[in-house]
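> quick one, what's the 3D model for this:
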Amino acid sequence: MLFKNQKTINEAFKISGVGLHSGVNADLLIKPAKENSGINFCRVDIDENDLIPANFKNVIEPILCTKIANKNGITVSTVEHLMAAFFGEGIDNVLVEVNASEIPILDGSASEFVEAIRAVGLKEQTASRQFIEVLKKVEIREGEKFISIEPSNNDLIIDFEIVYQNPLIRTRRKEFKLSNGMLSEIYNSRTFCLYEDIDFIKSKGLAKGGSLDNAIVVKGSEILNEDGLRNRHEFVYHKILDCIGDLMLSGNRVIGHIKTSQGGHALTNKLLLKFFADKSNWTLKSIKSINKKAKIEETLKKSLVVNI
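The predicted structure follows:
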């Protein structure tokens, strides 16, 4: 939803849980923040240099999660689900205090973050919200994998294809449009992995906190979780959730059309780095200018229909 002004939360709230990859319990205290301050993480378990701005330029080692670091090397990882919740709920300014190096995975989706945000409500601020309007197509290709961003008609559209050599997942593709209000199923979709990949992932020091309580595990054509899938598109919807969270690291909401096949955290970050490196690729717009452009386009469409 395209709100006119920036928003923060009405009051602070706490949420706790285990880190998916670290296996360490973490407590979050999410606080309101002043307008134009953006989203920042603060490592309260560290005495100094503890502030980490949520920005795509700060992403490091985007393997199986999104990790950000400040200039002093202080990091926080697995920020993508929380960032996606901030995106969808319309939050621009907030401070996230955390006493560990990883954001809790909770149930593997963004739903618990969303519920906590809705419980405290939002506060509208006086500063206008800015949007990033895509002006030119930019693309990244790596073999069969690709991701691109191009102009859209005043909407965020994510067209995501996943390809797995697995009889249950196989190839799936879905398109998300912010204007269609599809966020509830996106929020509720959990992270997943293949059973045969678990030993390899753990050999890399990851997934120490992983379990059937916070991830879908697929073995052959079987889902090992007793409750099965929450929706029939859960695999690809979760990838869209991750993509939304990573796009939120742009600093402002993106108005553009994302297309990707076999994308992920690393590919999305490479796209953002390339896209923002050339200022002719994008411009900042207010909701007033976006609405004005939309009205002009609608008038032109009606005129074309009449003329035909």
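> helix or strand right after the helix or strand where Cys42 lies?
Using DSSP states H and E, Cys42 sits in strand 39-43. Per DSSP H and E, strand 39-43 leads on to strand 51-53 as the next helix or strand towards the C-terminus.
> sorry, back to before: avg pLDDT for the strand holding Cys42?
Mean pLDDT, strand 39-43: 98.
> run through who's touching that strand.
33, 50-54, 68, 74, 76, 79, 83, 86, 91-99, 101, 248 (C-beta atoms under 8 Å, 6 or more residues apart in numbering). C-beta: built from backbone N, CA, C; applies to glycine.
> looking at these, which are in helices?
Using DSSP state H, the members of the contacts of strand 39-43 that fall within helices are 83, 86.
> and the contacts of strand 39-43, which of them are buried?
33, 50, 52-54, 68, 74, 76, 79, 83, 86, 91-99, 101, 248 (16 or more other C-beta atoms under 10 Å).
> restricted to strands, list these.
52-53, 68, 76, 94-98 (DSSP state E).
> in three-state terms, label Asn72 for me.
In three-state terms, and counting by DSSP: H, G, I helix; E, B strand; the rest coil, Asn72 is coil.
> now the closest residue in space to it that isn't next to it in sequence: how far from Ser22?
Residue nearest to Asn72 in three dimensions, not counting chain neighbours: Asn49, with 3.9 Å by C-beta to C-beta, 6 or more residues apart in numbering. Remark: distance between Asn49 and Ser22 (C-beta to C-beta, to the nearest Å) = 20 Å.
> give me the number of residues near the residue nearest to Ile287 when sequence neighbours are not counted?
Residue nearest to Ile287 in three dimensions, not counting chain neighbours: Lys4, with 4.6 Å by C-beta to C-beta, 6+ apart. Neighbour count for Lys4, taken as other C-beta atoms under 10 Å: 12.
> isn't Lys4 up against Arg129?
Yes. At 6.5 Å, Lys4 counts as touching Arg129 under the criterion of C-beta atoms under 8 Å.
> output the strand holding Cys42 as PDB, nothing but the C-alphas.
Extracted as PDB, the C-alpha positions of strand 39-43 are listed here (Å, rounded to 0.1, in the frame of the first residue of the first chain):
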ATOM      1  CA  ILE A  39      15.500   1.100   9.900                       C
ATOM      2  CA  ASN A  40      18.600   0.400  12.000                       C
ATOM      3  CA  PHE A  41      19.700  -2.600  14.000                       C
ATOM      4  CA  CYS A  42      21.600  -2.200  17.300                       C
ATOM      5  CA  ARG A  43      23.700  -4.900  18.900                       C
END
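> tilt between it and strand 94-98?
Angle of strand 39-43 versus strand 94-98, following axes from the mean of the first three to the mean of the last three C-alpha atoms, to 10 degrees, is 20 degrees.
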